[in-house]
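S.K.: show me the folded form of this:
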Amino acid sequence: MRDDNTRNTIIFFVCAALLLLVYQVFVIDPQAKRQAEERARQAPAAATATVNGPAAPSVPQAVTRDAAVAATPRVPIATPALKGSLSLKGARIDDLYLVKYRETLDKNSPAVELLRPEGTQYAWFADVGWTGANIAGLPGPQTVWTLAQGSVLAPGQPVTLTYASGQGLTFTRVISVDDKYMFTVVDTVANTGGQPVTLAPFGSIQRQGVPPTLGKNGVVHEGGMGWIEKRRPLKYAKWQKDGTSPTYTATGGWIGITDHYWLAAVIPAQNEQIQGQYRLTKAPGLNLLDANYVGQAKSIGAGRQITHTMHVFAGAKQAPMLKDYETKLGIAHLDEAIDWGMLWFLTRPVSDFLAYIYKHVGNFGVAILMLTVVVRLIFFPLANKQYESMTKMKKVQPAMEELRKKYKDDPAKQQQELLALYQREKVNPLAGCLPIFLQIPVFFALFKVLQLAIDMRHAPFVGYIKDLSARDPTTIWNLFGAIPWDPGSAPFIGAILATSLHIGILPILYGATTWLTTSMSPPAPDPMQQRIFQLMPLLFTFIMAQFAIGLLVYYTWSNILTAIQQYVIMRRFKVDNPIDKLIGKITGKAKAAG
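M.R.: You can find the predicted model right below:
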């Protein structure tokens, strides 16, 4: 066996792991566009309820969003972060826009839509109420509440809704909202009848079908999300395939539905035992998704009343804000709504540090560059040992090849001579492997952070880069924008040109810097491995072309820093390198090998 087989195997394993990660992302169709399906889509509401929870959703006739909003009496919602309305029919939070986020980069782009009413395509809304066995007159989705106090739901301006069942129960609901994304719902139930009743509070986030653009992100979780005793994620695909989940029981917690950047969740009183569940109700051509909880049953004696408080979160998943809610409201693990991943112990601090840099520099692209420098400085001693080992290996490569040729028929002698060569030159073939393994977790953590970062969404950098969360907008097929033509619109081949063949300026720069760092490493002894390593920069150029440009900024800048560090070491050891060769070709002065 050749002496450096172990080293090559380890390096190959690392590369294979990276390829697997990338493959996970790109087996899906990266070009899936937002399309409205022609079929009517509608979802849920609890028409009646039992102590086991809200009734299964139903599917009314679909209507346009504007028609659905206009069809019911409403209370406007106006906060620094939200706009929309609260439906008096069902007392639902079902019409919300996030005013600080836009759908596109266009200055006239509408605000991001979060929740939309029942009866519309892909409806998504929050429903809270009461359930009980054989209790007549409970308010349901068709119940029209009376606006008793307030006219606009805004910070410091709660609204009061009332409903009298006619069966001896009177409901008073006070809804308030802060300046961010948290609603507080305080229900008072008075029993004016002659018999005690037993009711249980419930909360539900319901979604009528999943838009085709969702659930395709292989890195960031999208689907059901909650904390009930522990983290309870459920991807859209698995939810729709496997159906209703088991019932989870715990004290406190929360449950809801999340997309890449957004979350809608119902949050019970944190000292109350609840039962949570992800439910699937199938309708013709449509899956109705319902993340709900049912709280403890409460007995209300004749002539008595009870008060119950719960919360609804509907907004952007900003880590500091979620953590602040955890502290102020005592909500267990609300920041777990963000998919920190298996390496959460690295992902969280890196995310916090990146946010800290961004807060002070004001440009997210610059923050990425600075974070990369800090990471490189932390690993500088390890990387230095790695590159020194690789440089020494490259320096003795000609002598190694001579020994392999000389003793090709005597493997034992060849091994003996190679070991002697390593001892004379003080070379350890495995010295470069340990630093690689130590850096891999940080590599994955940084990859995850840049996928999660909501601050990167629609964040400009420099020049033509207007959105770091999107892929490079330029492409070789229109000469990087010089030709006013969208290759993706071309008949027959447009769909192909818009996928991994959409190669822009930054993917090309990334590929070039990857080739540079690869060429500065010692070549593998096996011709097949050499060919694989030669093709990898090209392969990764096509793969990475579909990634967010913010990721490419990080990887390209990291490659440049790596090349500089390698170049300094190779010059110190007087080892031939591609940078000097290129300079020699440009100046006409060939650099002699050291």
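S.K.: buried residues in the biggest helix by length in the chain?
M.R.: The residue-count maximum for a helix in the chain (DSSP state H) belongs to helix 549-572. Judged by neighbour count using 16 or more other CB atoms under 10 Å, the buried positions of helix 549-572 are 549-559, 561-563, 565-567, 569-570. Every residue, glycine included, has its C-beta placed from N, CA and C.
S.K.: on contacts alone, who are the packing partners of it?
M.R.: helix 364-378, helix 380-395, helix 433-452, helix 505-519, helix 527-544, helix 578-587 (3 or more CB pairs under 8 Å, 6 or more residues apart in numbering; DSSP states H and E).
S.K.: show me where the stretch 101-250 of the chain has helices.
M.R.: In order along the chain, the stretch 101-250 of the chain carries the following helices (DSSP state H, counting those that start in this stretch): 236-242.
S.K.: okay, strands next: where are they in it?
M.R.: 111-115, 124-131, 146-149, 159-164, 169-177, 182-191, 197-208, 223-228, 230-231, 234-235, 248-251 (DSSP state E, counting those that start in this stretch).
S.K.: nearest to L329, of those?
M.R.: Nearest to L329 among the strands of the stretch 101-250 of the chain is strand 182-191; the distance by CB to CB comes to 7.5 Å.
S.K.: so P522 lies in a helix, does it not?
M.R.: No: assessed with DSSP: H, G, I helix; E, B strand; the rest coil, P522 is coil; it does not lie in a helix.
S.K.: pull the contacting residues for the residue most central in space within the chain.
M.R.: Nearest to the geometric centre of the chain sits V220, at 3.3 Å (CA atoms, centre = their mean). Shown in contact with V220 (CB atoms under 8 Å, 6 or more residues apart in numbering): 260, 339, 451-452.
S.K.: dump these into TSV; add neighbour count and pLDDT as well.
M.R.: As requested, the contacts of V220 are exported to TSV (neighbours: other CB atoms under 10 Å; pLDDT from 0 to 100):
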residue	neighbour count	pLDDT
H260	18	94
D339	21	94
Q451	22	91
L452	23	92
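S.K.: local confidence estimate at the residue nearest to Q240 when sequence neighbours are not counted?
M.R.: Distance criterion CB to CB, 6 or more residues apart in numbering; nearest residue to Q240, sequence neighbours excluded, is N287 at 4.8 Å. N287 carries a pLDDT value of 90.
S.K.: ditto for P527
M.R.: 72.
S.K.: distance of it relative to P246?
M.R.: Counting by CB to CB, to the nearest Å, the separation of P527 from P246 is 55 Å.
S.K.: what does M536 give?
M.R.: For M536, the distance to P246 - CB to CB - is 44 Å.
S.K.: now swap in D259 and tell me
M.R.: On the measure of CB to CB, D259 and P246 end up 24 Å apart.
S.K.: which one's more surrounded, these two?
M.R.: D259 (23 against 8; other CB atoms under 10 Å).
S.K.: circling back: got JSON lines for the strands of the stretch 101-250 of the chain, with mean pLDDT, distance to A264 and mean neighbour count too?
M.R.: Shown next, in JSON lines, are these (pLDDT from 0 to 100; distance: least, CB to CB, whole Å; neighbours: other CB atoms under 10 Å):
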{"stretch": "strand 111-115", "mean pLDDT": "97", "distance to A264": "6", "mean neighbour count": "20"}
{"stretch": "strand 124-131", "mean pLDDT": "96", "distance to A264": "6", "mean neighbour count": "25"}
{"stretch": "strand 146-149", "mean pLDDT": "97", "distance to A264": "23", "mean neighbour count": "12"}
{"stretch": "strand 159-164", "mean pLDDT": "97", "distance to A264": "20", "mean neighbour count": "19"}
{"stretch": "strand 169-177", "mean pLDDT": "97", "distance to A264": "14", "mean neighbour count": "20"}
{"stretch": "strand 182-191", "mean pLDDT": "97", "distance to A264": "10", "mean neighbour count": "20"}
{"stretch": "strand 197-208", "mean pLDDT": "95", "distance to A264": "5", "mean neighbour count": "25"}
{"stretch": "strand 223-228", "mean pLDDT": "96", "distance to A264": "10", "mean neighbour count": "26"}
{"stretch": "strand 230-231", "mean pLDDT": "94", "distance to A264": "17", "mean neighbour count": "13"}
{"stretch": "strand 234-235", "mean pLDDT": "95", "distance to A264": "15", "mean neighbour count": "18"}
{"stretch": "strand 248-251", "mean pLDDT": "95", "distance to A264": "18", "mean neighbour count": "16"}
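S.K.: kind regards, and thank you for your time.
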